[in-house]
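Q: Got a predicted structure plus its sequence, pasted below:
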Amino acid sequence: MMQIAQRTIGPEHPPLVIAEIGINHGGDLEVAKTMVRLAAASGAECIKHQTHFLEDEMTDEAKTIFPPNADISIWDVMQSCALPAEDEVALKDYTESLGLIYLSTPFSRQAANFLHEIGVPAFKIGSGEVDNLPLIRHIAHFGKPIIMSTGMQSISTLSRSVEILEEARVPFALLECTNLYPSPPEIVSLQGIGELKQAFPGAMVGFSDHSIGPTMALAAVALGACIIERHFTDTRHRSGPDISCSMDPAELRFLIDRAGEIHTALQNPKERTKAEEPVYRFARSSIVADRDLEKGHLIGEKDIWARRPGTGEIPGFDFDKVVGKRLTRAVRRNTQLAWPDFEQPEP
């Protein structure tokens, strides 16, 4: 199990659906608050932001690097979308005033220190920072739970980062993730959920989804993901590098509701339920005579059959037990047979 603020995370609990507003607000606090409000109205329990202090996060070389999903440099993307520190404090306060958990991803040591100082209950580490060992070590030393996405990594390349978390003795979760925005199903790895569970049994395992639509996220829940993270926006009629793979309020509500249903069904063993009994009584079969038979007749396979309803004494699965028995009375075709209709062996 893993505890973040008031929320317990684990296989026995419905998956935690994290609505990541990230940088979708474009640097506008009021837009960010609107997104949080709409996420709360859609049933969200947790909001995730991104905390960017550019001077501590990147060097000038970043001004020449253009992400595949943007037409400006990564520096310019983050500069246009980052909230000032005072605005992020206001966003956190607003989120928590609505009863939601506020998390954020620090992309630098300064961001990690800032988030710790303002009292986030846990940290999210993005896929790009999974092999940033000094940053992971720095975040882990705060002793708070950590959720770490694992996109662009293999089990072997993850091992050292996981060792740092284990050495720090912090509760942690690993999210299977594919870092293409959006991610087509041809490159999404649902197998990765099971592989993470097997390789790192001490971790909670979840899924950070960059595909379009809820299909992959819901499949991940069925495979046992305890956390689902997806980008969220108030409307997709916005520009931004993450909008294409973001869910809107209706889609968030759908994901939360369906994920809860799948989790409920995952708790049920393979057995006939009490609710099925009335159906079972008519849907199953009973052994009947398949033709008119005389008293004293020795039953062969061609003399009997199994037909609905299941209200007879001898169920269809006892067909072979009837073969070879002798009738104590004459019966007509389709008569439901009972054990007293046959001679009983001598004691």
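A: Noted; the coordinates are in hand.

Q: how about low-confidence regions in the chain?
A: Within the chain, the ranges that satisfy pLDDT under 70 run 346-347.

Q: Select the longest helix from it.
A: helix 249-266 (DSSP state H).

Q: And for it, what's in contact with it?
A: 13-15, 17, 19, 38-39, 41-44, 213-214, 217-218, 221-222, 224, 228, 230, 232, 234, 247 (Cβ atoms under 8 Å, 6 or more residues apart in numbering). The C-beta positions use only the backbone N, C-alpha and C, and glycine is treated the same way.

Q: quick one: buried residues of it?
A: In terms of neighbour count (16 or more other Cβ atoms under 10 Å), helix 249-266 has its buried residues at 249, 251-256, 259, 262-263.

Q: Stretch 63-70 now?
A: By 16+ other Cβ under 10 Å, the buried positions in stretch 63-70 come out as 69-70.

Q: So what touches that stretch?
A: Applying Cβ under 8 Å, 6+ apart, the set of residues contacting stretch 63-70 from outside is 72-77, 180-181, 241-242, 244.

Q: same deal with stretch 110-122?
A: Where contact means Cβ under 8 Å, 6+ apart, the residues beyond stretch 110-122 that reach it are 4-5, 51-53, 56-57, 85, 88-89, 92, 101-104, 106, 123, 135, 138-139, 142, 144-147.

Q: do that again at 7 Å, thanks
A: With contact meaning Cβ atoms under 7 Å, 6 or more residues apart in numbering, stretch 110-122 is reached by 4-5, 51-53, 56, 85, 89, 92, 101-104, 106, 123, 138-139, 142, 144-147.

Q: Filter those down to the buried ones.
A: 4-5, 51-53, 92, 101-104, 106, 123, 138-139, 142, 144-147.

Q: Point out the ones among these that are inside helices.
A: 92, 138-139.

Q: got those residues as a markdown table, with distance to residue 193 columns?
A: Listed next are those as a markdown table, based on distance: Cβ to Cβ, whole Å:
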| residue | distance to residue 193 |
| --- | --- |
| 92 | 30 |
| 138 | 28 |
| 139 | 24 |
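
Q: so the spatially closest residue to residue 126 that is not a sequence neighbour bridges to which residues?
A: Excluding the flanking residues, the one nearest residue 126 by Cβ to Cβ, 6 or more residues apart in numbering is residue 105, at 4.8 Å. Applying DSSP bridges to residue 105 gives these bridge partners: residue 50.

Q: For residue 105, which residues are in contact?
A: Applying Cβ under 7 Å, 6+ apart, one finds that residue 105 lies in contact with 48, 50-51, 124-126.
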